[in-house]
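Q: Need a 3D model of the sequence below.
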Amino acid sequence: MNDELINEAYSIRQIGSRLSWFLLIAGLFAIVTTIATVTAFAMSHAAMPIWSAILIDPLLSIPLTVTIIGDSILARHGMKPTPLSTFTKYATGILALLCNVWASWGIPAAMMIHSIPVFIIVTLAALVPGYRRRFHDLSAELEAQSPQSPSNMIEYQTGPLTPDTESILSTGNVEPLGADPDVALVDTVKLAAMKDKNVSRSLDDLEWAAKQLIDMGELKPSPSIYSLQKTLNIGATRATELARRVSGGLNGMA
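A: Alright, predicted model coming up:
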């Protein structure tokens, strides 16, 4: 694999990991801030003891964060959230905002300051999963562009490839598995390589593998994004594009 592509892919993953940690730390600060604000609000306006008042904010922040993350994952797979999920997200978000700004009602500057932590929590809950997935997919795309192709891996495992086999692998015009013993052996090794996430794989290679798996009955004729992800060990972005290529449309998680 080309050293520059290796370094670039590694650098992207490192940056993505660090960004996730920075955003997580910012989210923790925001949660601590809202806990302090809501606890003080509950004790002064509802006469609640501190041990119960301190639990009010987590009761709102945790469901809010979970539903936002869950909805972002579903959206990535082309699915809509359930009505209950949508209601929970908006209800907890509005209640969390009201609990944070109520004591400052009528004072615009104070309301704006107290609304910042809630905004940070909501934004980060939606931002972090997307960032992690996109950085992962970007690094995978760079690795797929490297000179270490599946045909090189096959040559290492089965010996030098004949001109006919090289032509088959480069054009993707392969015969069905089992049509010819020599070709079938190469196809079997290549198909195994296509399922290995540590092997550099282009979308053309993955499309070939998906079609072979469809012919073998391991995938449905119009495979879902989820099934492509699990079978070929690829990210959502590549699975979405692969689903378009293979079936001409998206099939969500079915």
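Q: domains for the protein, by residue range?
A: Annotated domains of the chain cover 3-144, 150-247 [automatic domain parsing].
Q: Worst mean pLDDT among those?
A: Within these, confidence is poorest for domain 150-247, with a mean of 66 (mean pLDDT).
Q: buried set for the helix or strand harbouring Leu95?
A: Assigned by DSSP states H and E, Leu95 belongs to helix 83-101. Within helix 83-101, the residues that count as buried by 16 or more other C-beta atoms under 10 Å are Ser85, Thr88, Lys89, Thr92, Gly93, Ala96, Leu97, Cys99, Asn100, Val101. Any C-beta I mention is one placed from the backbone N, CA and C, and that applies to glycine too.
Q: after that helix comes which helix or strand?
A: Using DSSP H and E, the helix or strand that follows helix 83-101 towards the C-terminus is helix 108-144.
Q: Show me what that next one is packed against.
A: On a contact count with 3 or more C-beta pairs under 8 Å, 6 or more residues apart in numbering; DSSP states H and E, helix 108-144 meets helix 3-45, helix 56-76, helix 83-101, helix 236-247.
Q: Show which residues not belonging to stretch 64-84 make contact with it.
A: In this structure, residues lying in contact with stretch 64-84 by C-beta atoms under 8 Å, 6 or more residues apart in numbering are 85-86, 88-89, 92-93, 96, 121-122, 125-126, 128-130, 133, 225-226, 236, 240, 250, 252-253.
Q: now the helices and strands packed on helix 108-144 as a markdown table including distance to Pro117?
A: Shown next, in a markdown table, are the helices and strands packed on helix 108-144 (distance: least, C-beta to C-beta, whole Å):
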| stretch | distance to Pro117 |
| --- | --- |
| helix 3-45 | 4 |
| helix 56-76 | 9 |
| helix 83-101 | 7 |
| helix 236-247 | 30 |
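Q: do you know which of the ones you listed lies nearest Leu142?
A: helix 3-45 (4.4 Å; C-beta to C-beta).
Q: How far does that closest one sit from its chain's centre?
A: Computed by C-alpha atoms, centre = their mean, to the nearest Å, the chain-centroid distance of helix 3-45 equals 17 Å.
Q: now swap in stretch 118-132 and tell me
A: Taking C-alpha atoms, centre = their mean, one finds stretch 118-132 lying 13 Å from the centre of the chain it belongs to.
Q: Can you list the buried residues in it?
A: Val118, Ile120, Ile121, Val122, Leu124, Ala125, Ala126, Leu127, Val128, Pro129, Tyr131, Arg132.
Q: ok now do the first one, which residues does it touch?
A: Going back to what we said before, that points to Val118. Contact partners of Val118, counting by C-beta under 8 Å, 6+ apart, are Ala30, Thr34, Gly93, Ala96, Leu97, Asn100.
Q: Out of the buried residues of helix 83-101, which is nearest to Arg244?
A: Nearest to Arg244, judged by C-beta to C-beta, of these is Ser85 at 26.6 Å.
Q: Now the closest one: closest residue in space that isn't a chain neighbour?
A: Distance criterion C-beta to C-beta, 6 or more residues apart in numbering; nearest residue to Ser85, sequence neighbours excluded, is Thr67 at 5.2 Å.
Q: so which of the contacts of Val118 comes closest to Met216?
A: Nearest to Met216 among the contacts of Val118 is Gly93, at 47.0 Å by C-beta to C-beta.
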